[in-house]
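> A structural model of the following input is requested.
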Amino acid sequence: MTSRTNLKRPYKQVLFVGVVLVFGIALAYKYAGRQLIADFEATKAAVVSDESNNLKTAWRGILDKQNAPVDIAVYDHKTGVTTQLSNDANAQFKTASIVKVAILANLLRQHATNGTGLSNYEDELASAMIQDSDNDAATALLETEGGNTQPDALFKRLGMTHSHMDSESWGYSTTTATDQLTLLKNIFYQSRVLTDSSRTYMQGLMNNIAVDQSWGITAGLTPDATVALKMVGWQIKMAGLLTQRAILRVNNQTMLLPF
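Numbering: from 1, shown residues only. Now for the predicted structure:
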């Protein structure tokens with residue numbers, strides 16, 4: 001006579017095999033999914049790399065015809081890729097008016113450290129400096145910060161190792177395109193140095209500059225593009241050198257362009 005224990009054993013074996021089979025299929029799908037994701041990321045990286053290389057190739061075609069040193073950098077927030085090219089790796093570029101963004105950023109950093117806010121007077125100066133490119137306002141704000149070299153502290157905190165304030169003339173301070181990208185990222189994305197309220201305040205000013213200050217690298221954009229711009233500056237030394245900084249948003253894609 002067959003015992004009940006012996007009758008149940010085949011069912012246990014079938015159940016065990018079924019569980020193993022299902023578990024094996026689940027693992028197969030899991031690893032196949034990981035491989036698909038890896039393949040997708042690899043393809044995406046290759047496409048982004050091609051786009052970056054194509055952009056640099058186009059830039060080289062222009063820079064090869066230039067005698068003046070040029071430094072270009074573009075950051076694509078969607079891909080996280082920075083494309084940079086310079087025809088003189090050792091060149092330092094005078095900031096002219098784009099340093100006004102750093103002047104304000106450092107003032108806001110000082111206030112945040114001290115637990116204070118901008119006075120009405122400082123707010124008026126900041127608006128004039130960023131929106132209208134008022135030079136006297138920039139000089140006055142630097143005086144409230146403690147002098148021309150005070151933004152160097154901001155550069156150090158942000159890791160902008162190629163940016164330096166000029167102790168006598170703030171317009172003759174020096175920087176590079178990649179350093180300006182670092183500053184823009186801290187203003188328009190996350191920052192451990194600038195508070196959220198400081199970043200929002202700066203974004204508001206840069207999004208609403210005076211009409212006569214809105215020109216240059218933002219020209220020719222489609223109507224759906226939004227622009228935050230600061231600033232246009234000219235330094236004349238044998239030839240005109242234009243320095244500009246902008247953040248562009250087109251079709252939900254954001255790009256930072258400090259030239």
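
> for the stretch 51-200 of the chain, which segments count as strands?
Using DSSP state E, counting those that start in this stretch, the strands of the stretch 51-200 of the chain run over 71-76, 81-86, 93-94, 174-175.

> need those in JSON lines with mean neighbour count and mean pLDDT, can you?
All C-beta atoms are positioned from the backbone trio N, CA, C, and that covers glycine. Formatted as JSON lines, the strands of the stretch 51-200 of the chain follow (neighbours: other Cβ atoms under 10 Å; pLDDT from 0 to 100):
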{"stretch": "strand 71-76", "mean neighbour count": "21", "mean pLDDT": "84"}
{"stretch": "strand 81-86", "mean neighbour count": "17", "mean pLDDT": "87"}
{"stretch": "strand 93-94", "mean neighbour count": "22", "mean pLDDT": "89"}
{"stretch": "strand 174-175", "mean neighbour count": "21", "mean pLDDT": "92"}
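
> I'd like those laid out as a markdown table, including distance to Ser52.
As requested, the strands of the stretch 51-200 of the chain are exported to a markdown table (distance: least, Cβ to Cβ, whole Å):
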| stretch | distance to Ser52 |
| --- | --- |
| strand 71-76 | 9 |
| strand 81-86 | 4 |
| strand 93-94 | 22 |
| strand 174-175 | 22 |
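
> with respect to Asn186, which of these lies nearest?
Proximity to Asn186 (Cβ to Cβ) singles out strand 71-76 among the strands of the stretch 51-200 of the chain, at 12.0 Å.

> neighbouring strands of the closest one in the sheet, and parallel or not?
Take DSSP bridges as the rule and strand 71-76 pairs in its sheet with strand 81-86 (antiparallel), strand 253-258 (antiparallel).

> quick one on the thing from earlier: out of the strands of the stretch 51-200 of the chain, flag the one nearest Ala105.
Taking the strands of the stretch 51-200 of the chain one by one with Cβ to Cβ, strand 174-175 is closest: 13.1 Å.

> which elements pack onto the closest one?
Applying 3 or more Cβ pairs under 8 Å, 6 or more residues apart in numbering; DSSP states H and E, one finds that strand 174-175 makes contact with strand 93-94.

> which elements pack onto the strand it packs on?
strand 174-175, strand 239-243.

> comparing those strands, which gets the lowest mean pLDDT score?
If you rank those by mean pLDDT, strand 239-243 sits at the bottom with a mean of 37.
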